[in-house]
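**Student:** Here is a sequence together with a model predicted from it:
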Amino acid sequence: MTLPDGEYAATVDRIVDGETAVLLIEDDDAVIEQVTRPVEELPADCEAGSVLEVTVADGELVEITPRPDETAGRRERIAEKLDRLSRRLDDE
């Protein structure tokens, strides 16, 4: 991993074979790195789409913290967008 030390938002992109989580590390809402971690290293109840805060020190992920409010907010925004798209298609 080539990230500078600091705190970043991360999204669980997917979980592969129930064992490996693929995390998309973000800075200013842009994905800047993709990393994998064993599912056991994630906080309980994490799933695809969960938003986390990760701390990087000396090029390593040293802390992973859930951000349930951000996860809920993103899911709500996505649902609203899908609803608007669905209504547009119904109008055509």
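**Tutor:** Nice, I can see it. Numbers count the residues shown, from 1 in each chain.
**Student:** What count of nearby residues applies to the nearest residue to D58 once chain neighbours are set aside?
**Tutor:** Spatially, and ignoring its direct neighbours in sequence, D58 is nearest to D5 (7.0 Å; CB to CB, 6 or more residues apart in numbering). Heads up, the C-betas are built off the backbone N, CA and C, glycines and all. By the criterion of other CB atoms under 10 Å, D5 has 11 neighbours.
**Student:** wouldn't D5 be in contact with A57 here?
**Tutor:** Yes - proximity of D5 to A57 meets the contact threshold set by CB atoms under 8 Å, at 5.2 Å.
**Student:** which SSE is S86 in?
**Tutor:** Assigned by DSSP states H and E, S86 belongs to helix 68-91.
**Student:** which of the residues in that helix are buried?
**Tutor:** T71 (16 or more other CB atoms under 10 Å).
**Student:** Which residues are in contact with T65?
**Tutor:** For T65, the contacting residues are 43, 52-55, by CB atoms under 8 Å, 6 or more residues apart in numbering.
**Student:** How about it: which residues does it bridge to?
**Tutor:** Per DSSP bridges, the residues bridged to T65 are E53.
**Student:** Residue numbering should commence at 46 henceforth.
**Tutor:** Noted, 46 is the first residue going forward, which turns the last one into T110.
**Student:** Let me see the confidence value for the closest residue to E71 other than its chain neighbours.
**Tutor:** Residue nearest to E71 in three dimensions, not counting chain neighbours: A54, with 4.5 Å by CB to CB, 6+ apart. pLDDT, A54: 96.
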